[in-house]
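**Q** Next comes the sequence, and after it the predicted model I'd like to discuss.
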There are 2 protein chains.
Amino acid sequence: MTGRGPGWSAVRDRLHARILDRTYAPGAKLPRDADLADELGCARSTVQRAMRALDEAGLVERRRRGGTTVRADPVRRATFDIPVIRREVEGAGHRYGYVLRSRDRAEPPPAVARALGASAPMLRVRATHLADGRPYMGEDRWISLATVPEIAAVDLAAESANAWLVRHRPFDRCDLGLYASAADAEDAAVMDVAPGTALLIVERATFIAGAPITWVRAVTAPGYRLTATV
Amino acid sequence: MTGRGPGWSAVRDRLHARILDRTYAPGAKLPRDADLADELGCARSTVQRAMRALDEAGLVERRRRGGTTVRADPVRRATFDIPVIRREVEGAGHRYGYVLRSRDRAEPPPAVARALGASAPMLRVRATHLADGRPYMGEDRWISLATVPEIAAVDLAAESANAWLVRHRPFDRCDLGLYASAADAEDAAVMDVAPGTALLIVERATFIAGAPITWVRAVTAPGYRLTATV
DNA sequence: ACGCCGAATATGTAGCTACATATTAAAGGC
DNA sequence: GCCTTTAATATGTAGCTACATATTCGGCGT
């Protein structure tokens, strides 16, 4: 509509281009929001909306009174979508399967107790997710019986602990770790690979309102890869 | 100040709590923004600001006229900060080092050509980043001479290609892949580990304005892990 | 009953005022 | 010259109007 200036995304792109071509060099201070608004022919709130996007992308740093500066060492943020395993398997056109290998009530090992900040006995669940009948992801999971007592009554042979928790105990915080590991005898048996095979491991700890929910070490099939686009 | 309703972050938290306690169950439609504003005693734009945050977190899905729904399968987004290697090494209290192993002008292999969408001869650079004199990350990199012709004149023994590119050719798009690999003879020699050792591999392709900049396969030291908190 | 079209609707956005607040810089005293 | 205090400043936010637009649903015709 006539009379309206450029949109917030057009402003973001203009400013991003100036960062890329070094009109605004790393470490440099940008003009005040109000001055940019005058120059670009839009409102200060439009500039602010654009700047928030650049801030979230890790390109600039904003301070009240202090103004806006281009980050000298831009932090590169890669966002990976971590899908529900079943959705991932079926989305790739495979048949999903699930096998409960064991469930016990036991004291968590020190590393798990540290990660969750709890050491009371927990429910330990070992299970395998299958794609077309072959191991796709093996998981070794500890679930807090203090936070999720009702898990004790769930038939985890019929439904994966993860699927149950997603529906009954969503988390508000999750700690993630990714690393490579050579399959030991147990991993090798679970994933049906030769011992020593290089596997990607995803470790996850989830919490709700500061209370621990679950800790899980997921072993992925050989060739498994996580992808993202920044 | 009196007369002002709750802030956008308080609204976001209220709505998030209702998603978590299943007042709004997965797949359910949320009340209209205007109705929520009336109920919570704030402006519609405040509700919108809160909703945008929930949308970005992958918890809800917004459509004009269609309203807001709770995602039935919440996509779990994990954002990893991928630091500059030098900063990572020095930040951990180690001494950073860099060694250029080779540089050649060659035709990229098919997988690289596909990832970059280009097949003209490129500059191939193999280098190692060190922490306290030991291999920390080994990289095998292809740089487009069409997009970055000036790299041909850069002394890559004195400065890593990555450091140079960050300053002179920032990207506006980056494709990332993470996977585990058993060290072959070359990886083993580069990283000074036994062949077959499980290593985390980070593959990255960057672009500017649709043109390819570089493709790199980075081999990390044993024990290297990426972490994130959602 | 089905398909198409148009109106209604719910969210998205531009811009504005007024107020809030974190931060910076200048002034004054020692 | 240094330290403290205070005022100024640049960004952050709440709320509002008006307009934009993607989507949905109802009505009408066949």
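**A** Perfect, I can see it now.

**Q** Would you map out the domains in chain A?
**A** Using automatic domain parsing, the domain parsing of chain A gives A:8-70, A:85-220.

**Q** Could you export those domains as JSON lines, including distance to chain B and mean pLDDT?
**A** C-beta here means a position set from N, CA and C on the backbone, and glycine is covered the same way. Converted to JSON lines, the domains of chain A look like this (distance: least, CB to the nearest CB, whole Å; pLDDT from 0 to 100):
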{"stretch": "domain A:8-70", "distance to chain B": "5", "mean pLDDT": "94"}
{"stretch": "domain A:85-220", "distance to chain B": "4", "mean pLDDT": "93"}
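
**Q** mind listing the strands for chain A?
**A** Secondary structure of chain A (DSSP state E): strands at A:60-63, A:67-70, A:76-82, A:96-106, A:122-131, A:134-144, A:173-182, A:198-208, A:211-220, A:225-229.

**Q** Which strands or helices does the last one pack on?
**A** Under the contact criterion of 3 or more CB pairs under 8 Å, 6 or more residues apart in numbering or on different chains; DSSP states H and E, the helices and strands touching strand A:225-229 comprise strand A:76-82, strand B:173-182.

**Q** try 10 Å this time
**A** When contacts are defined as 3 or more CB pairs under 10 Å, 6 or more residues apart in numbering or on different chains; DSSP states H and E, strand A:225-229 packs onto strand A:76-82, strand A:198-208, strand B:76-82, strand B:173-182, strand B:198-208.

**Q** Ok, which of those comes nearest DNA strand C?
**A** Nearest of those to DNA strand C, taken as CB to the nearest atom of the strand: strand B:76-82 at 17.5 Å.

**Q** State the number of residues packed around residue A:149.
**A** 10 (other CB atoms under 10 Å in any protein chain shown).

**Q** If you could redo that for residue A:95, that was the one I meant.
**A** When counting by other CB under 10 Å, one arrives at 10 neighbours for residue A:95.

**Q** show me what contacts the nearest residue to it once chain neighbours are set aside?
**A** Spatially, and ignoring its direct neighbours in sequence, residue A:95 is nearest to residue A:132 (5.2 Å; CB to CB, 6 or more residues apart in numbering or on different chains). Residue A:132 is in contact with A:89, A:92, A:93, A:94, A:95, A:96, A:97, counting by CB atoms under 10 Å, 6 or more residues apart in numbering or on different chains.

**Q** Please apply the same query to residue A:94.
**A** Residue A:94 makes contact with A:88, A:130, A:131, A:132, A:133, A:134, A:136 under the criterion CB under 10 Å, 6+ apart.

**Q** try residue A:192
**A** With CB under 10 Å, 6+ apart as the criterion, the residues that contact residue A:192 are A:128, A:134, A:135, A:138, A:221.

**Q** out of these, which are buried?
**A** With burial judged by 16 or more other CB atoms under 10 Å in any protein chain shown, the buried subset of these is A:128, A:135, A:138, A:221.

**Q** now the third one, which residues is it bridged with?
**A** Spelled out, that is residue A:138. Beta-bridge partners of residue A:138, counted by DSSP bridges, are residue A:128, residue A:219.

**Q** Contacts only, for it.
**A** Contacts of residue A:138 (CB under 10 Å, 6+ apart): A:99, A:101, A:126-130, A:183, A:186-187, A:189-192, A:199, A:217-221.

**Q** and if we set it to 6 Å?
**A** Applying CB atoms under 6 Å, 6 or more residues apart in numbering or on different chains to residue A:138 gives the contacts A:128, A:190, A:191, A:219.

**Q** Pull the number of nearby residues for the third one.
**A** When you say that, I think you mean residue A:191. Using other CB under 10 Å: residue A:191 sits among 21 other residues.

**Q** That one is in contact with residue A:136, isn't it?
**A** No - judged on CB atoms under 6 Å, residue A:191 makes no contact with residue A:136 at a distance of 8.8 Å.

**Q** Does residue A:172 touch residue A:208 like I think?
**A** Yes - between residue A:172 and residue A:208 there is a contact under CB under 6 Å: 5.5 Å.

**Q** Of all the residues in stretch A:30-43, which ones are buried?
**A** Buried residues in stretch A:30-43 (16+ other CB under 10 Å): A:30, A:33, A:36, A:37, A:40, A:42, A:43.

**Q** hmm, that stretch in reach of DNA strand D?
**A** Yes - contact between stretch A:30-43 and DNA strand D, assessed by CB under 7 Å from any atom of the strand, occurs at A:30, A:32, A:33, A:34.

**Q** right, so of the strands of chain A, which gets closest to residue B:152?
**A** Comparing these by their distance to residue B:152 (CB to CB), the top pick is strand A:76-82, with 25.5 Å.

**Q** Give me the buried positions along the closest one.
**A** The neighbour-count check on strand A:76-82 (16+ other CB under 10 Å) flags A:76, A:78, A:79, A:80, A:82 as buried.

**Q** so what's the third one bridging to?
**A** Partner residues in beta bridges with residue A:79, using DSSP bridges, are residue B:79.

**Q** Which pair of the contacts of residue A:94 spans the longest distance?
**A** Greatest spacing in these, by CB to CB: A:88 and A:133 (16.2 Å).

**Q** Between the two, which has more neighbouring residues?
**A** residue A:88 (18 against 9).

**Q** Of the buried residues of stretch A:30-43, which are in range of DNA strand C?
**A** Checking the buried residues of stretch A:30-43 against DNA strand C (CB under 7 Å from any atom of the strand), the matches are A:42, A:43.

**Q** of the buried residues of stretch A:30-43, closest to DNA strand D?
**A** Taking CB to the nearest atom of the strand as the measure, DNA strand D sits nearest to residue A:33 out of these, at 3.5 Å.

**Q** Kindly provide the distance from the closest one to residue A:67.
**A** Counting by CB to CB, to the nearest Å, the gap between residue A:33 and residue A:67 amounts to 9 Å.

**Q** shared neighbours, the two?
**A** Counting by CB under 6 Å, 6+ apart, nothing touches both residue A:33 and residue A:67.

**Q** Am I right that residue A:140 is in contact with residue A:218?
**A** No - using CB under 6 Å, residue A:140 is not in contact with residue A:218; the gap is 8.1 Å.

**Q** shared neighbours, those two?
**A** By CB under 6 Å, 6+ apart, no residue touches both residue A:140 and residue A:218.

**Q** pLDDT score assigned to residue A:3?
**A** For residue A:3, the model assigns a pLDDT of 67.

**Q** now swap in residue A:75 and tell me
**A** Value listed for residue A:75 in the pLDDT field: 65.

**Q** now do residue A:72
**A** 80.

**Q** Just give me the neighbour total for it.
**A** By other CB under 10 Å, 10 other residues sit near residue A:72.

**Q** Pull the contacting residues for it.
**A** Contact analysis of residue A:72 by CB under 6 Å, 6+ apart lists A:26, A:27.
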